[in-house]
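> Predicted model and sequence follow; I will ask about them next.
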Amino acid sequence: MKIFIDTADTGELKEAFATGLVDGVTTNPSLIAKSGRDFKEVTAAICEMTEGPVSAEVASTEAATMVKEGRILADIAQNVVVKLPLTWDGLKACQDLSEDGINTNVTLCFTPNQAWLAAKAGATYISPFVGRLDDLGADGMELIGDIRALYDAQGYETEILAASIRGPHHVSQAALLGADVATIPPKVFWQLLNHPLTDRGLDAFVKDWASTGQSIL
Ligand code: E4P
């Protein structure tokens, strides 16, 4: 499963990319607003940090304008993925942009039928929002499993991008259920490695090794 980082903060991205384990980035209008930066400028800056896919979301809700915006975003860099909402207009724009060879990420997915329609529209990625379903008392992970089963049964190649990740448990569950990508907030990304037994075990190994007085070098 690929790891994307869900932020428009280039400082946070720089640290995450330094691990060598990050494959791409997703942004959305809320994250752009949080960054306080110009949308096109920060998108270009992120695209320079990686050769991996960088999702940038259209602002319009009307198909023809989404297509115009999508083409402008796609011109920023070759690795831009145009993010479109899961509406009839968004799916129409998805078809048009896909026919032009532009990669798309259809976002705000909450049902298997929505995911199916996005795949039919040629979406490169589908973004099911796991955490927002959990917030309502539903089981967001069930949606990941259902979309995996549906895409496999129907032979769709649209990649399942688990989004709205709230904690490390979502990441491992998404991987177990066959998601192709998880887009992870920076805070959760750093939490993935943490375990007190790892820290305690390493402390003991370092101390015991020192007591031997040996050197490997
Ligand atoms: C994904 O592409 C979205 O940007 C993001 O995962 C939404 O997460 P949220 O529900 O925490 O806002």
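All right, it came through fine.

> drop to CA atoms for contacts and neighbour counts, all remaining ones
Will do.

> residues of stretch 72-92 that come out buried?
The neighbour-count check on stretch 72-92 (16 or more other C-alpha atoms under 10 Å) flags 73-74, 77, 79-87, 89-92 as buried.

> I'd assumed Pro185 was in contact with Ile165.
Yes - with contact defined as C-alpha atoms under 8 Å, Ile165 reaches Pro185; the gap is 7.1 Å.

> quick one: which two of the buried residues of stretch 72-92 are the most distant?
With distances taken as C-alpha to C-alpha, the most widely separated pair in these is Ala77 and Thr87, at 25.6 Å.

> more neighbours, Ile165 and Pro185?
Each of Ile165 and Pro185 has its neighbours counted (other C-alpha atoms under 10 Å); Ile165 has more, 23 against 20.

> So out of everything in this protein, what residue is nearest the ligand?
Nearest residue of the chain to the ligand: Ser164, at 3.4 Å (C-alpha to the nearest ligand atom).

> got the contact list for that residue?
Applying C-alpha atoms under 8 Å, 6 or more residues apart in numbering to Ser164 gives the contacts Pro128, Phe129, Val130, Gly131, Arg132, Thr183, Ile184.

> Would you convert the residues you listed into JSON lines that also reports secondary structure?
JSON lines is the format used below for those (DSSP: H, G, I helix; E, B strand; the rest coil):
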{"residue": "Pro128", "secondary structure": "strand"}
{"residue": "Phe129", "secondary structure": "strand"}
{"residue": "Val130", "secondary structure": "helix"}
{"residue": "Gly131", "secondary structure": "helix"}
{"residue": "Arg132", "secondary structure": "helix"}
{"residue": "Thr183", "secondary structure": "strand"}
{"residue": "Ile184", "secondary structure": "strand"}
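
> Good, we can wrap up now.
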